[in-house]
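1. Got a sequence here, can you build the structure:
(one chain, ligands or ions: 3)
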Amino acid sequence: MQLKNEKTNLLLINPEEMNQVDKIAMQYLPVLTLMENAGLAVARAIMQFYKPCKILVLCGPGNNGGDGYVVAHILANEGWPVKVASLKPPEKGTDAYKAFVQWNGDKTDFNIQSVRDADLVVDAVFGAGLSRDIDDHISSVLKAADHLVAIDMPSGVDGKTGIIRGYAPHAELTVTFCRAKAGHYLLPGREYIGKLVIANIGIPENILSELSINTWLNEPGLWELPIADVEDYKYHRGIVNVVGGGTVTGAARLSALAASSCGAGLVHIFAFGSRDLYLLTSPCFMVDEGDFTDTLQDKRRKVWVCGPGLTEDEVKISLINLIKTNKTIVADASALTKENFDLLKQCAVITPHIGEFKRIFGDFKDCRIEAVKKAASILNTVVILKGPDTLIASPDGRVAVNCHANARLATAGSGDVLTGVIATLLACGMEVWEASCAAVWIHGEAAFLHNNSWPNAMDLIHNLGKARDNGRYHVEK
Ligand SMILES: NC(=O)C1=CN([C@@H]2O[C@H](COP(=O)(O)OP(=O)(O)OC[C@H]3O[C@@H](n4cnc5c(N)ncnc54)[C@H](O)[C@@H]3O)[C@@H](O)[C@H]2O)[C@@H](O)CC1
Ligand SMILES: Nc1ncnc2c1ncn2[C@@H]1O[C@H](COP(=O)(O)OP(=O)(O)O)[C@@H](O)[C@H]1O
Ligand SMILES: [K+]
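-> Ligands and ions are numbered 1, 2, ... in the order given. Below is the predicted model:
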């Protein structure tokens, strides 16, 4: 299993880090060589995905434009009809300028008509250097393209945040270099990328390990799931405990069922009210009632889900006592309030959706990656900010961006299911951030396994065992 390589392949670089990488890479090979390699990679991708057609390369003033001139050169040499439209020539003396002067083919104006005259537009206007919103002239020109290939980023997509700066075209294909950027995967940017090709342009790999880049795409390889071992016994597989509400019982039952279906050795529910409904839910559950503090004496019962379906009072009683007895807590739903801020500092993982996140931390101006990193650091807790592009942040600065999910997860109780998966992976001994990342992936996989219909939370639960296995086989294949 090539876990280490898989992990570095999943690194996501932000534009500032890419800048640092460039600076160090210049000690090994000239920027012009990197630019030529980048242009070659883009030209190859275009030749792979398109038949010869009329190409217009829209070039900006920086190195993204520089890559564009190289692409134009290569495609023209291959016999494709190519025109170049420069927004503004690069500054004299720059590497992009060297590429610019080497283009001696057709030139045309940077306007809508030039775009209409072409079959395929290559967007080399801005990449990592995008520093402000795209103006109306540039956006009207980009907007006129029916088919567009983006170099590095569709111009206007912020590489760090995925936010659209004014306007961005929808690319059919985006070719980026060295590693993907977070903006390729974060919404709304992700919707503008089309097919993503990540090209090796000769940047030495050791540079990446020298910089402490700590953002990853959440895929198997980032974590390793424990396998079922011949010597397994139920306590080794792990005990998951769920605090069950006295009035609202569905959420805790979903969490417990999820744990039971994705490999927990034993699932306990503590019932604040009657045990009956919990007992009837599954013959596999152990259900306790009575004095909560008595239940906490068993040291083997370490991992607890607290929040789903609980009233404010039930949350207070359970959280305080779980913390006093040093339990590993996954906090969700009603546990996630500003009033509980200090209590959440003692939890292992919290799983807010954006509404709950704002309820705890207030509104924020930072990009979501920065906001969730800050939240994890302030609480000293792993924070899972749920949504279509869930972010998983560790207090030590690691962040994973999860794209392995689809809108079929947007169903009542889906979040409760996630808590059961996280607790299961914690209970079998995984490190907290890795368990959280793996659980989010498995949760998404459960939805993909139901791709031909609309799963409810129970359907997701039925898929969890297979989803967990797929999280391993994906790497072992
Ligand atoms: N990462 C790497 O190792 C390599 C990067 N290369 C390319 O270099 C690019 C980054 O180059 P740069 O740092 O020069 O940046 P860009 O070429 O993306 O853009 C920078 C220029 O655009 C201007 N600008 C930015 N936003 C603007 C806006 N909204 N309206 C008008 N002007 C705006 C800036 O003032 C600056 O002149 C990458 O995207 C990639 O395509 C390649 O050349 C090969 C090597
Ligand atoms: N459009 C979407 N695409 C992918 N995942 C989604 C989408 N909408 C919601 N989800 C996922 O579904 C789950 C919903 O959780 P939550 O909001 O707590 O719902 P509930 O409280 O009903 O359980 C989260 O894991 C979230 O990431
Ligand atoms: K671009």
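
2. Show me where the protein dips below the pLDDT cut-off.
-> Within the chain, the stretches with pLDDT under 70 are 1-5, 230, 474-477.

3. Let me see the contact set for the closest residue to ligand 2 within it.
-> Nearest to ligand 2, among the residues of the chain, is residue 415, at 2.1 Å (Cβ to the nearest ligand atom). Using the backbone N, CA and C atoms, a C-beta is placed for each residue, glycine as well. Going by Cβ atoms under 8 Å, 6 or more residues apart in numbering, residue 415 touches 308, 332-333, 351, 353, 386.

4. Up against ligand 3, what does the protein have?
-> 123, 127, 150-151, 155 (Cβ under 5 Å from the ion).

5. Ligand 1 next: which of those residues are close?
-> 127, 151 (Cβ under 6 Å from any ligand atom).

6. Next step: the residues of the chain next to ligand 3 restricted to strands.
-> Residues from these lying in strands, with DSSP state E as the criterion: 123, 150-151.

7. Can you tell me which of the residues you listed lies closest to residue 169?
-> Nearest to residue 169 out of these is residue 123 (Cβ to Cβ; 6.2 Å).

8. Pull the contacting residues for that closest one.
-> Under the criterion of Cβ under 8 Å, 6+ apart, the neighbours of residue 123 are 58, 142, 145, 148-151, 154-155, 169, 171.

9. What values do phi and psi take at the residue most central in space within the chain?
-> Centroid check for the chain by Cα atoms, centre = their mean gives residue 401 as the closest residue, at 1.7 Å. Dihedral angles of residue 401 (phi, psi; degrees, to the nearest 10) stand at phi -110, psi 120.

10. Not counting residues beside it along the chain, what's closest to it?
-> residue 185 (5.0 Å; Cβ to Cβ, 6 or more residues apart in numbering).

11. Tell me if I'm right that residue 6 and residue 221 touch.
-> Yes. Using Cβ atoms under 8 Å, residue 6 is in contact with residue 221, at 2.7 Å.

12. okay, those two: which has more neighbours?
-> Using other Cβ atoms under 10 Å as the criterion, residue 6 and residue 221 rank with residue 221 on top: 21 against 16.

13. how close does the more buried one get to residue 400?
-> With distances taken as Cβ to Cβ, to the nearest Å, residue 221 is found 11 Å from residue 400.

14. is it true that the residue nearest to residue 401 touches residue 217?
-> Yes. Counting by Cβ under 8 Å, residue 217 is a contact partner of residue 185 at 6.2 Å.

15. Need the residues touching each of those two.
-> Common contacts of residue 185 and residue 217 (Cβ under 8 Å, 6+ apart): 12, 401, 403.

16. Can you narrow the residues you listed down to the ones near ligand 1?
-> Among the shared contacts of residue 185 and residue 217, no residue lies close to ligand 1 (Cβ under 6 Å from any ligand atom).

17. before we move on, back to that, give me the subset of the contacts of residue 415 touching ligand 2.
-> Answer for the contacts of residue 415 near ligand 2 (Cβ under 6 Å from any ligand atom): 353, 386.

18. Work out for me the element residue 114 sits within.
-> Following DSSP states H and E, one finds residue 114 within helix 112-116.

19. what sits against whatever residue of the stretch 151-300 of the chain ends up closest to ligand 1?
-> The stretch 151-300 of the chain approaches ligand 1 most closely through residue 152 (3.5 Å), counting by Cβ to the nearest ligand atom. If you count contacts by Cβ under 8 Å, 6+ apart, residue 152 has them with 38, 64, 67, 127-128, 159, 174-177, 181.

20. Check the gap between the residue lying closest to it once chain neighbours are set aside and residue 43 for me.
-> Distance criterion Cβ to Cβ, 6+ apart; nearest residue to residue 152, sequence neighbours excluded, is residue 127 at 3.4 Å. Distance of residue 127 to residue 43, computed by Cβ to Cβ: 16 Å.

21. So the two - more neighbours on which side?
-> Taking neighbours as other Cβ under 10 Å, residue 127 and residue 43 compare with residue 127 leading, 29 against 24.

22. Helices of the stretch 351-477 of the chain, residue ranges please.
-> With DSSP state H, counting those that start in this stretch as the criterion, the stretch 351-477 of the chain has helices at 354-361, 368-379, 414-427, 432-448, 457-476.

23. The stretch 151-300 of the chain now?
-> All helices of the stretch 151-300 of the chain, identified by DSSP H, counting those that start in this stretch, fall at 182-185, 205-210, 234-237, 250-261, 276-281, 292-295.

24. quick one, which of those helices is packed in tightest?
-> Most buried of those, by mean neighbour count (mean count of other Cβ atoms under 10 Å): helix 250-261, with a mean of 28.

25. May I have it exported as CSV, CA atoms only?
-> Extracted in CSV, the C-alpha atoms of helix 250-261 (Å, rounded to 0.1, in the frame of the first residue of the first chain):
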residue,chain,number,x,y,z
GLY,A,250,-35.1,9.3,16.2
ALA,A,251,-31.8,11.2,16.0
ALA,A,252,-30.0,9.1,18.6
ARG,A,253,-31.3,5.9,17.2
LEU,A,254,-30.0,6.8,13.7
SER,A,255,-26.6,7.6,15.2
ALA,A,256,-26.6,4.2,17.1
LEU,A,257,-27.8,2.3,14.0
ALA,A,258,-25.0,3.9,11.9
ALA,A,259,-22.4,2.8,14.4
SER,A,260,-23.8,-0.7,14.5
SER,A,261,-23.8,-0.9,10.7
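
26. All good on my end, thank you.
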